[in-house]
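Q: Here's my sequence, what's the structure:
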Amino acid sequence: MNQKKTNPELQQVIETLRHVSSKEGIGIWKVIAAELAGSTTKRRVVNLSRINRHAQKNEVVVVPGKVLGTGELTQPLTIAAYSFSKEAKTKIEQAKGKAQTLLELLQRNPKAKEVRIIG
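A: A predicted model of the protein is given here:
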């Protein structure tokens, strides 16, 4: 069952990701849109400690959900997610990394080159 999301911001993100995926033939955007369109209770919530463990220095990481600030980030990363806790954003900036929305990443890197989903 595919329920329509009531959050207009989330609807716009999902539709934009789907549009770029079909227009450019980039499957990763379709996967991320499908995850965001799914059940809120199943949406990914990832701590910085997990991202730090699984990501390489200067890598671009996507979390199709929310990034939380538990743990430390010891390397500069570009992290794109639907949302971030305030603590997560602060820690990412302290590690000389970047916190971006999914649409910002899509605008900067529409071909999704060297992008990895973590969650």
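Q: Which parts of this protein are helices?
A: Remark: helices assigned in the chain by DSSP state H are 8-24, 27-37, 48-54, 86-94, 102-108.
Q: can you give me the mean pLDDT across the third one?
A: In this model, helix 48-54 has an average pLDDT of 96.
Q: Likewise for the second one?
A: When pLDDT is averaged along helix 27-37, the result is 95.
Q: What lies in contact with that helix?
A: 2, 5, 10, 13-15, 17-18, 20-22, 43-44, 62, 64-65, 82, 102, 106, 112, 115, 117 (CB atoms under 8 Å, 6 or more residues apart in numbering). For every residue, glycine as well, the C-beta is placed using N, CA and C.
Q: let's see 6 Å
A: Residues outside helix 27-37 that contact it (CB atoms under 6 Å, 6 or more residues apart in numbering): 14, 17, 18, 20, 21, 64, 112.
Q: circling back: tabulate the helices of the chain (CSV), appending mean neighbour count and distance to residue 77.
A: Shown next, in CSV, are the helices of the chain (neighbours: other CB atoms under 10 Å; distance: least, CB to CB, whole Å):
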stretch, mean neighbour count, distance to residue 77
helix 8-24, 15, 21
helix 27-37, 19, 17
helix 48-54, 17, 7
helix 86-94, 16, 7
helix 102-108, 17, 12
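Q: Show me the shaky parts of the chain.
A: The model of the chain has pLDDT under 70 over residues 1-5.
Q: and of the helices of the chain, who's closest to residue 74?
A: helix 48-54 (5.9 Å; CB to CB).
Q: For the most centrally placed residue in the chain, list each beta-bridge partner.
A: Against the mean C-alpha coordinate of the chain, by CA atoms, centre = their mean, the closest residue is residue 81 at 2.6 Å. Beta bridges link residue 81 to residue 63, residue 101, judged by DSSP bridges.
Q: Surely it touches residue 67?
A: Yes. Counting by CB atoms under 6 Å, residue 81 touches residue 67, with 4.7 Å between them.
Q: Most widely separated two among the contacts of helix 27-37?
A: That would be 14 and 112, which, of the contacts of helix 27-37, are the farthest apart (CB to CB) at 16.2 Å.
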